[in-house]
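Participant: model this:
(2 chains)
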Amino acid sequence: MEPVEVKVSDLNVWIGGSHILKDVSMKAPPGAVTAVMGPSGSGKSTLIRVINRLIDLIPGARVEGKVLLGSLDALRADPYEVRRRTGMVFQEPNPFPHMTIYDNVAIGPRIHGLARGEELDRLVEWALKMAHLWDEVKDRLRDYPHQLSGGQKQRLSLARALALKPRVLLLDEPTANIDPVSTVKIERSIMEYAKTTMATVIIVTHTPQQAARISDHILFIYQGRVVEYGPTREVVLHPRHELTRKFLGGEV
Amino acid sequence: MSEARFKLLVAPPAIVSSAILVLLFIVLLYYSLPAIREYGLGLLASPTWKPVEGAPGEYGLLIPLAGTLVSAVIAVLLAMPLALASVVFTEEILPRGLYRWREAFVSMIDVMTGLPTIVYGLWGAAVLAPLLGDTLYKWLHRSLSFIPLFSCQPTTGNTILTAGVLLAIMITPFIYAVVRESYRQIPRTYREAALSLGTTRYEYVRIMMGMAKPAILAGALIGFGRAAGETVAVALVVGNTFNMPSCLLAPSYTVSSLIANQFANAQLYPLMLNVLVSGGLILLLIGIASNILGIMYLRRVRYVA
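Facilitator: Okay, here's the model as predicted:
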């Protein structure tokens, strides 16, 4: 599978009357984790929803600019094709409550006819191991997710996305409501997935600490504008912009 | 108004309205007892209906009971796809930009739940029954008569199948409303999760409908309860004939249409009134059971993983 670079140029998004994203340009390279950081309401979630076209669901949203996933023009392509290549994990753990743990992971490969029988079993096991959940659920794959803890549910949601081996993995504050142990496991999964499969990972986070821990590049957005973009070390140690300094210091 | 007085004002009506169900049950049971004592299980199991003036006749409710169940089952089977397709249409297919159109469509279906049932009955008798009798039933009999359900020669459009079709039209808006309300409550995060897997709209709707399954079952049960109890519309199209509904193209009876048709002259025949009341008791029990089950399923609709 080919590595896919995500490239956003001159992106503007309006929802209803308000200008949510203003002239946003960014790149997220394959094999690395790019953190999108900024205070709440800065447009971070909107940005990754443009990348996988979930923005289409929001009534009254208007998008201008260009988004490339490798050679695929994401804003002009069939949204199903775009979403097929991207995986997403959301802020709320959201495994489907009416499906077993196994079926939650298998649903993507099943829909796209990627695997069946033992091959599907192996794929499910791979995804659950990748999400650091396998050891906790391997004996109860036929149970329903309501018996899992919040952190386990979130790792199950991650495994569901990973089972499709997306070239681009998007995460929208995946650990905001999760216990510390699961948070560590999810962060490890994300980094491992990026490095071992050369996937492009973009994670939205509102904590600079998380960005510093797991990302290779940081994009700092404030009020819909890109304030700073660069390698994580540089942004954290030598922020060029006053706003970035304040955000890192917890003042914004 | 003082606190105590206010309580005194609102408590009795509340108690009375909840007591009505119990009273209803007791009264129906009381008037059924003579019939139950006389006929025992035969009341349910016998297909005979022989009124005798001045003496207890032979009464069995098997045929109308079967008619009630068959017509209600046909109604639910036909109404489910209609209701589910309407939910998908209004919630997923009509573009969100056409908000007014969507709400107009939804309101139109909702209005149908409140129409007087005699309106459906008149339309059923004047339009639906002759139409089905002249076209569909003749065709069904000609091409599918090897199936016992379609083996009898259709004479008129007033058949158990017409009752089922009419009931399906009548209960579709109820099922639609129950399923739609639950479908709308599915949190956005699950919708996004399903779509983020690259699902087509069909696959996406299948996942959402899977989540709404308890509501779909509830809708089916509540619809069944309504169909089983519906009286006047059915009485106009079912044919009102003591005829086992083993063939759908023949006239038959339902419990409610039997009561409606026979009640006026039941005084002339000893015990007939009691038999009819016991039919009402059975309808009450069917109604209570299907509604309680339906409500239980609705309570299970919680979209939390």
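Participant: Check residue 234 and give its pLDDT.
Facilitator: Let's take chain A. Listed pLDDT for A:Glu234 reads 93.
Participant: oops, I was thinking of chain B
Facilitator: For B:Val234, the predicted pLDDT is 96.
Participant: Remind me what the host helix or strand of it packs against, helices and strands.
Facilitator: Following DSSP states H and E, one finds B:Val234 within helix B:232-237. If contacts are counted by 3 or more C-beta pairs under 8 Å, 6 or more residues apart in numbering or on different chains; DSSP states H and E, helix B:232-237 sits against helix B:117-123, helix B:160-184, helix B:255-262. In this view, the C-beta of every residue, glycine as well, is placed from N, C-alpha and C.
Participant: Was I right to think A:Val137 contacts A:Gln147?
Facilitator: No - using C-beta atoms under 8 Å, A:Val137 is not in contact with A:Gln147; the gap is 9.6 Å.
Participant: Give me the more crowded residue out of the two.
Facilitator: Legend: neighbour count by other C-beta atoms under 10 Å in any protein chain shown for A:Val137 and A:Gln147, higher for A:Val137 (21 against 11).
Participant: Please, where are all the helices along chain B?
Facilitator: B:3-39, B:42-45, B:62-88, B:99-114, B:117-123, B:129-134, B:136-144, B:160-184, B:188-196, B:201-211, B:213-229, B:232-237, B:255-262, B:272-299 (DSSP state H).
Participant: Excluding chain neighbours, what is closest to A:Glu136?
Facilitator: A:Gln152 (6.2 Å; C-beta to C-beta, 6 or more residues apart in numbering or on different chains).
Participant: and the one you found, that one's in a helix?
Facilitator: Yes - under DSSP: H, G, I helix; E, B strand; the rest coil, A:Gln152 falls within a helix.
Participant: Low-confidence stretches in chain A?
Facilitator: Counting by pLDDT under 70, chain A contains no low-confidence segment.
Participant: Return the residues in contact with B:Ala129.
Facilitator: Each residue near B:Ala129 by C-beta atoms under 8 Å, 6 or more residues apart in numbering or on different chains is listed here: B:156-159, B:162, B:237.
Participant: next one: B:Val52
Facilitator: Counted by C-beta under 8 Å, 6+ apart, B:Val52 has contacts B:58, B:269.
Participant: So for it, what's the pLDDT?
Facilitator: Taking B:Val52 on its own, its pLDDT is 87.
Participant: And it, its phi and psi?
Facilitator: B:Val52 adopts backbone torsions of phi -130, psi 130, taken as degrees, to the nearest 10.
Participant: Distance check, it against chain A.
Facilitator: 57 Å (C-beta to the nearest C-beta, to the nearest Å).
Participant: What residues does the stretch 151-252 of chain A have near chain B?
Facilitator: Within the stretch 151-252 of chain A, the residues that sit near chain B (C-beta under 8 Å from any C-beta of the partner chain) are A:153, A:157, A:160-161, A:164.
Participant: quick one on the thing from earlier: what's the spacing between the residue nearest to A:Glu136 and A:Asp143?
Facilitator: 11 Å (C-beta to C-beta, to the nearest Å).
Participant: list the residues that contact both of those two?
Facilitator: A:Val137.
Participant: interface residues of the stretch 1-150 of chain B facing chain A?
Facilitator: Counting by C-beta under 8 Å from any C-beta, the stretch 1-150 of chain B sits next to chain A at B:96-97.
Participant: Excluding chain neighbours, give the residue nearest to the residue in the stretch 1-150 of chain B that chain A sits nearest to in space.
Facilitator: Closest contact between the stretch 1-150 of chain B and chain A, by C-beta to the nearest C-beta, is at B:Arg96 (4.8 Å). What sits nearest to B:Arg96 in space, not counting adjacent residues and going by C-beta to C-beta, 6+ apart, is A:Pro59, at 4.8 Å.
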